[in-house]
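[1] A structural model of the following input is requested.
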Amino acid sequence: MNADLLNMAANMTHWAERVDMAAAFRWTARLNMHEAVANHFSLAVNADGSRFLINPNGRHFSRITASSLVEIDANDPATMNRPDAPDPTAWGLHGSIHRALPHARCVLHIHSIHATVLASLADSRLPAIDQNSAMVFGRHVVDDQYGGMAFEEEGARCAALLADPKVTTMVMGNHGVLVVGQTVAEAFNRLYYFERAAETYIRALQTGQKLRVLPDAVAEKTAREWAAYPGFAEAHLREIKAMLDESGDSYAN
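    A predicted model of the protein is given here:
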């Protein structure tokens, strides 16, 4: 079997996961939460999380397909010598997280507008001012030590901030946002709602009025209710795929 056929066969594994990933990429682009050919989504496909799918280098989110995702090994130092090597910052950030944190199965990182505005504030914490922002109450961390682009050293530093399995979201100061989850559906749902919550917060600040911040007990109760809401994230992704299918989108190719 020649190299092209071997690559094609490799890219047909974990098909359901690939389809979910491709749908998340396409919908992120439709929501204008992408940025040129930057930003990366990854998904672990083995038990210890070290093997993962990630977008190919230099491919726009709106053109990602299930078969185009690259499977790599976070513990393989020769990865960046491959002809289909991922972007160096994707290897640095996502490789570091999958190498160190088996619980972070799906890792989504973007520079969406409102999350990045939040990341640019001197205080980048997201207060629980509504039901959406309460989703991450006590479950997000702010990285206020930005040290440059996310090559391996910076990626390893960021991974350490996510060591607590309770932390699902990282506001990357001066950079963007990163969320983790057990599945594509869970992680994408968190990413979507974080961007919505960040937009609400930024717009609320723009009024100059005093914010109505939820009491900690209510915010924590709401966060727990979000986490336990039956089938919500799965329904969200299912409907995204249905809408993509109805529009004739090629994401599942």
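
[2] What segments of the stretch 101-250 of the chain are helices?
    Taking DSSP state H, counting those that start in this stretch, the helices of the stretch 101-250 of the chain run over residues 113-119, 152-160, 184-207, 216-228, 232-246.

[3] closest one to Asn75 among these?
    Closest to Asn75 of those, according to CB to CB: helix 152-160, at 13.1 Å. All C-beta atoms are positioned from the backbone trio N, CA, C, and that covers glycine.

[4] what sits up against the closest one?
    Outside helix 152-160, the residues that touch it by CB atoms under 8 Å, 6 or more residues apart in numbering are 89, 91-97, 99-101, 143, 145, 147-148, 150, 170, 172, 178.

[5] again, but for stretch 205-225
    127-131, 134-139, 204.

[6] Please list only the buried members of those residues.
    Buried members of those, counted by 16 or more other CB atoms under 10 Å: 127-130, 134-137, 139, 204.

[7] Could you list which of the contacts of helix 152-160 belong to strands?
    Using DSSP state E, the members of those that fall in strands are 143, 170, 172, 178.

[8] JSON lines for the contacts of stretch 205-225, including distance to Glu234 and pLDDT?
    Output for the contacts of stretch 205-225, formatted as JSON lines (distance: CB to CB, whole Å; pLDDT from 0 to 100):
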{"residue": "Pro127", "distance to Glu234": "29", "pLDDT": "98"}
{"residue": "Ala128", "distance to Glu234": "25", "pLDDT": "98"}
{"residue": "Ile129", "distance to Glu234": "27", "pLDDT": "98"}
{"residue": "Asp130", "distance to Glu234": "23", "pLDDT": "98"}
{"residue": "Gln131", "distance to Glu234": "20", "pLDDT": "98"}
{"residue": "Ala134", "distance to Glu234": "21", "pLDDT": "98"}
{"residue": "Met135", "distance to Glu234": "16", "pLDDT": "98"}
{"residue": "Val136", "distance to Glu234": "19", "pLDDT": "98"}
{"residue": "Phe137", "distance to Glu234": "23", "pLDDT": "98"}
{"residue": "Gly138", "distance to Glu234": "24", "pLDDT": "98"}
{"residue": "Arg139", "distance to Glu234": "20", "pLDDT": "98"}
{"residue": "Ala204", "distance to Glu234": "30", "pLDDT": "98"}
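
[9] Dump those residues to TSV, plus distance to Ile240.
    As requested, those are arranged in TSV below (distance: CB to CB, whole Å):
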residue	distance to Ile240
Pro127	29
Ala128	26
Ile129	27
Asp130	23
Gln131	21
Ala134	23
Met135	18
Val136	21
Phe137	26
Gly138	28
Arg139	23
Ala204	27
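
[10] Among the residues you listed, which one sits closest to Pro56?
    For these, the closest approach to Pro56 (CB to CB) belongs to Val136, at 30.1 Å.

[11] The residue lying closest to His14 once chain neighbours are set aside: how many residues sit nearby?
    In space, and not counting its chain neighbours, His14 is closest to Val45: 4.8 Å by CB to CB, 6 or more residues apart in numbering. Val45: 16 surrounding residues under other CB atoms under 10 Å.
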